[in-house]
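Novice: pasting the sequence and the predicted coordinates here, then a few questions.
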Amino acid sequence: MRSHTLSLLAVLILSPLVALALGWGAWWYAELLTRERIDSTASLHRVMRSEVVAGMQARAPATSSRALFSAYCAQCHGETGDGRGTQTLDRPARSFRDGGFSFGNTRDAIFRTISSGIGGTPMPGFSDSLSIGERTALAAYVQTLGPPALDISTEDMVLEVRDTPIVVRGHLPSLGEGLPEHPRGLLIGGIDGMTAEYRVDDVRLLAVRQGRFVERTDWSGRGGTPLKPLGPVINLVDGGDPPPGFEHEQALEARLVRTMIEDGRASVTYMLDPGGLQVLVEEWTEAITHAVGPGYARHFQFHNLDENRMPTLRLPGSDHRIIERIEGPARSWIVQEGTNGRIEIQGFESDSARVIEGEGNILRLQLPSSSEANISIVTLLPVSWNETLREQLRTGGAP
């Protein structure tokens, strides 16, 4: 009887415990399965979300850049980049479809143009209004509007001047150690075998070359890489890094207006803006021969001058040591010790301008008082300097 009673008590006590244990085990197993399903679902959601984001990011630049082009470029260049926008301009906008890129059509070159604009044209810079990412996307989109890259050999990249001058704009390499490169550069090749090399962000003659013209290395990379001038330099103007050439109470910026080829000569036109007065200057160079030595002439035509506010023109190399001044029958000559000890001789017509000496012995030419003026500056580069050459300048006159 006692044994039966104990068995009954054990059953009554253990049954609830066993049931409780079985229930807890079932709950734990269900919870484990649920968490696995939740983790699996969350992982799947993360994968899907990353794929969606990646897809959106892959599609975003094209959509964003197209919208940027419509907002900032299409009014001038047209929605398709054909140069037929709705904005009225003083000159046709570039047609990207025709390959109209001023400074090369690599993404880097287009990015620089978008950022800085083009001086002397309606094209503004957008560095303040668009972020780097937006300008990068926009440059990539503009590049797609141009023609496909051409398969061009090295021989095809060499430009030779024959019966008409050639004007090339692009990135100019440094002219020597310590001298800057010029992303906004200009080469003018004349039929006389002379090349004038300019920077055009603020127009200044940098160097004069003689011989072959240029290799367009940028053609092989769709633009933007430096040009390769081929002729040797015969003269570095003010050491290859000249200061501003014009002054009226302060240095004047020379803003590029246009280049032009007419009547067998190529010229560059720029605008001076002394206190609101817009003076147009057309400049060109040509090779000359003289008994004293080889050289070249720079010709300037000034338009829209104010007789009461006349700019002055700085003589190149006028901060060099002056050896002597000579009055010839047609020109006044200034003999200077040029770069690397070479002799440079500057000559000008004394009746077209007078020399004024400023601070630091800087020599400038004062234009005559009129609304129009012409000045020519001759630069001679003799091998040496002696009494015979001195006499030829004194009596020989202009070349």
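Specialist: Arrived safely, thanks for sending.
Novice: now tell me which helix or strand of this protein has the poorest mean pLDDT.
Specialist: Using mean pLDDT, DSSP states H and E, helix 2-72 stands out as the lowest-scoring helix or strand of the chain, at a mean of 52.
Novice: show me what the next helix or strand after it is packed against.
Specialist: Next in sequence after helix 2-72, counting helices and strands by DSSP states H and E, comes helix 74-77. Here helix 74-77 touches no other helix or strand, going by 3 or more Cβ pairs under 8 Å, 6 or more residues apart in numbering; DSSP states H and E. In short, each C-beta sits where N, CA and C put it, glycine included.
Novice: mind listing what's buried along helix 74-77?
Specialist: By neighbour count on 16 or more other Cβ atoms under 10 Å, the buried set for helix 74-77 is 74, 76, 77.
Novice: find the nearest non-adjacent residue to the first one, please.
Specialist: Same thing as residue 74. In space, and not counting its chain neighbours, residue 74 is closest to residue 85: 6.0 Å by Cβ to Cβ, 6 or more residues apart in numbering.
Novice: what's the answer for the last one, then?
Specialist: Distances taken as Cβ to Cβ, 6+ apart place residue 93 nearest to residue 77, at 5.0 Å, with adjacent residues excluded.
Novice: got the contact list for the one you found?
Specialist: Contacts here follow Cβ atoms under 8 Å, 6 or more residues apart in numbering; on that basis residue 93 touches 76, 77, 78, 83, 84, 85, 87, 122.
Novice: now swap in residue 77 and tell me
Specialist: So residue 77 contacts 83, 85, 93, 94, 95, 96 (Cβ under 8 Å, 6+ apart).
Novice: is the first one in a helix, a strand, or coil?
Specialist: Recorded secondary structure, residue 83: coil (DSSP: H, G, I helix; E, B strand; the rest coil).
Novice: distance check, it against residue 124.
Specialist: 17 Å (Cβ to Cβ, to the nearest Å).
Novice: got it, and the last one?
Specialist: The spacing between residue 96 and residue 124, counted by Cβ to Cβ, is 17 Å.
Novice: neighbour count: these two, which is higher?
Specialist: Neighbours were tallied for residue 96 and for residue 124 using other Cβ atoms under 10 Å; the higher tally belongs to residue 96 (25 against 14).
Novice: residue contacts, the more buried one?
Specialist: If a contact means Cβ under 8 Å, 6+ apart, then residue 96 has 77, 81, 82, 83, 105, 142, 145, 146 as its contacts.
Novice: what are the ranges of the helices in this structure?
Specialist: Using DSSP state H, the helices of the chain run over residues 2-72, 74-77, 107-116, 132-145, 387-396.
Novice: need the contacts of residue 77 in CSV with distance to residue 374 and pLDDT, can you?
Specialist: What follows is those, written out as CSV (distance: Cβ to Cβ, whole Å; pLDDT from 0 to 100):
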residue, distance to residue 374, pLDDT
83, 36, 88
85, 39, 90
93, 34, 84
94, 33, 80
95, 36, 85
96, 39, 86
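Novice: now for these: which two are most distant?
Specialist: The most widely separated members of these are 85 and 96, with 11.6 Å between them, by Cβ to Cβ.
Novice: if we can go back for a sec, tabulate the contacts of residue 77 (JSON lines), appending distance to residue 381.
Specialist: Output for those, formatted as JSON lines (distance: Cβ to Cβ, whole Å):
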{"residue": "83", "distance to residue 381": "44"}
{"residue": "85", "distance to residue 381": "48"}
{"residue": "93", "distance to residue 381": "42"}
{"residue": "94", "distance to residue 381": "39"}
{"residue": "95", "distance to residue 381": "43"}
{"residue": "96", "distance to residue 381": "43"}
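Novice: which of those sits closest to residue 350?
Specialist: Comparing the contacts of residue 77 against residue 350 with Cβ to Cβ picks out residue 94 as the nearest, at 45.0 Å.
Novice: is the closest one in contact with residue 101, as I believe?
Specialist: Yes. Here residue 94 reaches residue 101: they are 6.9 Å apart, a contact under Cβ atoms under 8 Å.
Novice: could you give the number of residues near the closest residue to residue 216 other than its chain neighbours?
Specialist: For residue 216, ignoring the flanking residues on the chain, the nearest one in space by Cβ to Cβ, 6+ apart is residue 157 at 4.7 Å. Burial of residue 157 is recorded as 15 neighbouring residues (other Cβ under 10 Å).
Novice: same question for residue 271.
Specialist: Residue 271 has 19 neighbours, counted by other Cβ under 10 Å.
Novice: run through the bridge partners of it.
Specialist: Beta bridges link residue 271 to residue 255, residue 280, judged by DSSP bridges.
Novice: where's residue 368 relative to residue 350, distance?
Specialist: Taking Cβ to Cβ as the measure, residue 368 falls 11 Å from residue 350.
Novice: then residue 370?
Specialist: 16 Å.
Novice: these two - which one has more neighbours?
Specialist: Remark: of residue 370 and residue 350, residue 350 carries more neighbours, 14 against 11, as counted by other Cβ under 10 Å.
Novice: does that one really touch residue 327, like I thought?
Specialist: Yes. Shown here, residue 350 and residue 327 form a contact pair, counting by Cβ under 8 Å, at 7.3 Å.
Novice: so what's the residue count around the nearest residue to residue 207 once chain neighbours are set aside?
Specialist: Ranked by Cβ to Cβ, 6+ apart and with sequence neighbours excluded, the top spatial neighbour of residue 207 is residue 197, at 4.5 Å. Neighbourhood size, residue 197 [other Cβ under 10 Å]: 24.
Novice: is residue 197 bridged to anything, and to what?
Specialist: Under the criterion DSSP bridges, residue 197 forms beta bridges with residue 187, residue 207.
Novice: how close does residue 335 get to residue 389?
Specialist: As judged by Cβ to Cβ, residue 335 and residue 389 stand 9 Å apart.
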